[in-house]
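J.: Quick one: sequence plus predicted model below, questions after.
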Amino acid sequence: MGYRVIGGRRLCGEVVIGGCKNAVLPILAATVLTGGKSVIHNCPDILDTHTSIEILRHLGCKVEYDGTSIIVDSAAAAARALPAGPVGKMRSSIIFAGALLSRFGSFETAEPGGCRLGLRPIDLHLQAFRRMGVNFDGDSQTICGKAAELTGAKINLAFPSVGATQNVILAATLARGRTIISNAAREPEIVDLQGFLQAAGAEIAGAGTSTIVIDGVEKLQNVEYKIMPDRIVAGTYLAAGAIAGGHIRLKNVKAADIMPIIDSLEDMGINLHTEGASVVLRAKNRPNPLPILATGPHPAFPTDMQPQFTALLAIAAGHSIVIENLFEARDAHISELVRMGADIKSEGHRFYINGVERLNGAKVAAKDLRGGAALILAGLAAKGETEIHGAEYIKRGYTAIDKDLKALNAEISVLKTTP
Ligand code: UD1
C-alpha cells in the first residue's frame, strides 16, 4: 500500500491535531500499575496503539477501544513474558519492562524491534533497573529481570534518553523509597506520563526538567486522562504548508511544545502565529536555507522532524546543513529525495543540501515512519506525480495523513497496488 501525490497545489484550510503517539504508548504501559481501571481519551488510532493493546491483553488486562478512548482494566494482569511478535514490531514495548517491575518485581521480554534508525541499545534502561535492585539473566534473544525488592535509587542518566527516563519513572512509581533521576529527558511526552501518574495518585514531580523525583507509593487508583496533542504530527503539517506554500490553521496544538519547530520555520522566512490552541502558517515564497539544523534532545530540534525538514530544505533558496545527532542511521529518506531531484550529499550523519527550485515526481519507498512522511511532503512540492510505497511505516505514526492533507487542499490518494 502507498500514497499517490500530485504536486503543485498550495495548501489552505484547517485540521485538528489528534492524540500523541509517543505519549499514549508509555501511558498504556502505565495502566498496568493501577491494578484497576484507566480511561484514556484522545488515543490516536495507529498501529502502535493496537500493538500496545495486544501486549496489555496478553498480560491479562481487559481492554476496550472505540477508536478514540481506551478503557484498560489491569486488575487481572500478571507478569507474563512479553509476546515476541508485538515486541519485535515496536521498540517502545520495552516500556512495559518498567511497568511490570513496578507492579510485580519481574519482567521477561525479547529484544525490542521498531524503526531501523541505527543501533538503538537499551543499556541505559538496564543500568538504571540494576541500580534499583534488579538482577538479569536470559540468553541472547531474551532479557529477564527480577528484583527481590525494587527500591528507589539515584539515577544519573549518561544521556537524556526518553525511553529510559519513562522506564525508570514507571519502575519507581511503586518501588520502595525515593528515586531521583538526573539528566532526565525533558520531552513533553514525559510531562504527559507524569500527568497520568499524578492523576492515578503517584508521587512524582519535575517532569519537563532535568531532575525528576519519584516517591514510591503502595498503590494507585482508578484514573481518567486525556492524551496531549501530537507535536510531531503538528510539525509535519506545518512543514507541509511550508513546502507547498499556502495558508493553513492547525487546531489543538500546544505551541510551547513545538517552539524549536516554529523557530526553525521562522528562520526560513515562514510566517507563523498562534491564536489560543491554534497555529496559523502563511508561506508565500521559497523558504530560506538554514546554515545548520542540528537535532538534539528536547528542547533542541526534534530528530522526529529531521526527515520532513530535510525535504523542506531540499527546495530552499540556498545551501543548508542538517546534522542528525540522535540516531546514526536516520537517512533512508535521503536517497529517495535524491531520486526526486534533490541535491543532497550525505556524509555520515551530516546532510549537505543545495536547494533546488523544484523536485520531480517519482516512485519512491518509505523505509521508516518519519522518512516516509518526508517523502509525502516532497511529493507536494514536486512536479507531477509521486508514488510513495511503504505506507505501513507511515501509518505507525499518522492516523490519517492522506485525509488531513486532502482537507488542506493537497491532491493525495491511497494507492492499493504494489510497485
Ligand atoms: C523516543 C521516541 C522517538 C524519538 C526518540 C528521540 C517514543 C516511543 N519514541 O525514542 O520517536 O525519536 O525518543 O527523541 O517515545 N540510547 C542508548 N542507550 C539506551 C537508550 C537510548 O544508547 O539505553 C540512545 C539511542 O540509541 C539514541 C538516543 O539514545 O541514539 C536517543 O534514544 P531515546 O531518547 O532513548 O529514544 P527512544 O526512547 O527510543
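T.: Yes, it's here. Residues are numbered from 1 along each chain as shown.
J.: all helices for the stretch 151-300 of the chain, in order.
T.: 162-173, 188-199, 231-244, 259-267 (DSSP state H, counting those that start in this stretch).
J.: now for the one helix or strand residue 311 maps to, which elements pack on it?
T.: Here residue 311 sits within helix 306-313, counting by DSSP states H and E. Contact here means 3 or more Cβ pairs under 8 Å, 6 or more residues apart in numbering; DSSP states H and E; on that basis helix 306-313 packs against helix 231-244, strand 293-294, strand 319-323, helix 332-339, strand 350-354, helix 369-380. All C-beta spots, glycine's among them, are computed from the backbone N, C-alpha and C.
J.: go again using 6 Å as the cut-off
T.: Under the contact criterion of 3 or more Cβ pairs under 6 Å, 6 or more residues apart in numbering; DSSP states H and E, helix 306-313 touches helix 231-244, helix 369-380.
J.: Can I get it in PDB? Just the C-alpha atoms.
T.: Only the C-alpha atoms of helix 306-313 are listed here, as PDB (Å, rounded to 0.1, in the frame of the first residue of the first chain):
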ATOM      1  CA  GLN A 306      14.600  15.900  10.700                       C
ATOM      2  CA  PRO A 307      13.400  14.000   7.600                       C
ATOM      3  CA  GLN A 308      10.500  16.400   7.000                       C
ATOM      4  CA  PHE A 309      12.800  19.400   7.300                       C
ATOM      5  CA  THR A 310      15.400  17.800   5.100                       C
ATOM      6  CA  ALA A 311      12.700  17.600   2.400                       C
ATOM      7  CA  LEU A 312      11.700  21.200   3.100                       C
ATOM      8  CA  LEU A 313      15.400  22.400   2.900                       C
END
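J.: Now do that helix and helix 259-267, the angle between them.
T.: 10 degrees (axes from the mean of the first three to the mean of the last three Cα atoms, to 10 degrees).
J.: For helix 306-313, list every residue counted as buried.
T.: For helix 306-313, the neighbour count (16 or more other Cβ atoms under 10 Å) marks 306, 307, 308, 309, 310, 311, 312, 313 as buried.
J.: Which pLDDT value goes with the last one?
T.: Yep, that's residue 313 we're talking about. pLDDT recorded at residue 313 is 98.
J.: do the same with the fifth one
T.: pLDDT recorded at residue 310 is 98.
J.: and the residue nearest to it when sequence neighbours are not counted, how far is that from the ligand?
T.: Computed as Cβ to Cβ, 6 or more residues apart in numbering, the closest residue to residue 310 that is not its neighbour in sequence is residue 322, at 5.3 Å. According to Cβ to the nearest ligand atom, to the nearest Å, residue 322 and the ligand sit 15 Å apart.
J.: ok, now which ones touch residue 322?
T.: Residue 322 sits next to 293, 310, 351 when contact means Cβ atoms under 6 Å, 6 or more residues apart in numbering.
J.: Among those residues, which one sits closest to residue 162?
T.: For the contacts of residue 322, the minimum distance to residue 162 (Cβ to Cβ) is 20.1 Å, reached by residue 293.
J.: Near the ligand, which residues of this structure are found?
T.: Within reach of the ligand by Cβ under 6 Å from any ligand atom, the chain has these residues: 22, 25, 91-92, 119-125, 159, 161-164, 185, 189, 303-304, 326-327.
J.: Let me see the domain layout of this structure.
T.: Domain ranges of the chain: 2-18+229-415, 21-226, per automatic domain parsing.
J.: Alpha carbons only: can I get stretch 206-218 in PDB?
T.: This file holds the C-alpha atoms of stretch 206-218, laid out as PDB (Å, rounded to 0.1, in the frame of the first residue of the first chain):
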ATOM      1  CA  GLY A 206       9.900  17.500  38.000                       C
ATOM      2  CA  ALA A 207       9.000  16.100  34.600                       C
ATOM      3  CA  GLY A 208       9.900  18.600  31.900                       C
ATOM      4  CA  THR A 209      13.100  19.500  33.800                       C
ATOM      5  CA  SER A 210      16.400  17.500  34.100                       C
ATOM      6  CA  THR A 211      15.600  16.300  37.600                       C
ATOM      7  CA  ILE A 212      12.600  14.100  38.300                       C
ATOM      8  CA  VAL A 213      11.800  12.900  41.800                       C
ATOM      9  CA  ILE A 214       9.500   9.900  42.400                       C
ATOM     10  CA  ASP A 215       8.500   8.700  45.900                       C
ATOM     11  CA  GLY A 216       7.200   5.200  45.600                       C
ATOM     12  CA  VAL A 217       3.600   4.600  46.800                       C
ATOM     13  CA  GLU A 218       1.800   1.400  47.800                       C
END
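J.: Stretch 142-150: which residues count as buried?
T.: Across stretch 142-150, burial judged by 16+ other Cβ under 10 Å covers 143, 145, 146, 147, 150.
J.: swap that for stretch 38-53, sorry
T.: Buried residues in stretch 38-53 (16+ other Cβ under 10 Å): 38, 40, 42, 43, 44, 46, 47, 48, 49, 51, 52, 53.
J.: who's in contact with the third one?
T.: Okay, so that is residue 42. 19, 226, 227.
J.: May I see those residues arranged in CSV, with neighbour count, distance to residue 279 and pLDDT as well?
T.: Listed next are the contacts of residue 42 as CSV, based on neighbours: other Cβ atoms under 10 Å; distance: Cβ to Cβ, whole Å; pLDDT from 0 to 100:
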residue, neighbour count, distance to residue 279, pLDDT
19, 26, 17, 97
226, 16, 20, 98
227, 25, 19, 98
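J.: What ranges in the stretch 301-419 of the chain fall below the confidence cut-off?
T.: The model of the stretch 301-419 of the chain has pLDDT under 70 over residues 417-419.
J.: Now do the contacts for the nearest residue to residue 341 once chain neighbours are set aside.
T.: The shortest distance from residue 341 to any residue other than its chain neighbours is 4.4 Å, reached at residue 360 (Cβ to Cβ, 6+ apart). Residues near residue 360 by Cβ under 6 Å, 6+ apart: 340, 341, 382, 383.
J.: Many thanks, I have nothing further to ask.
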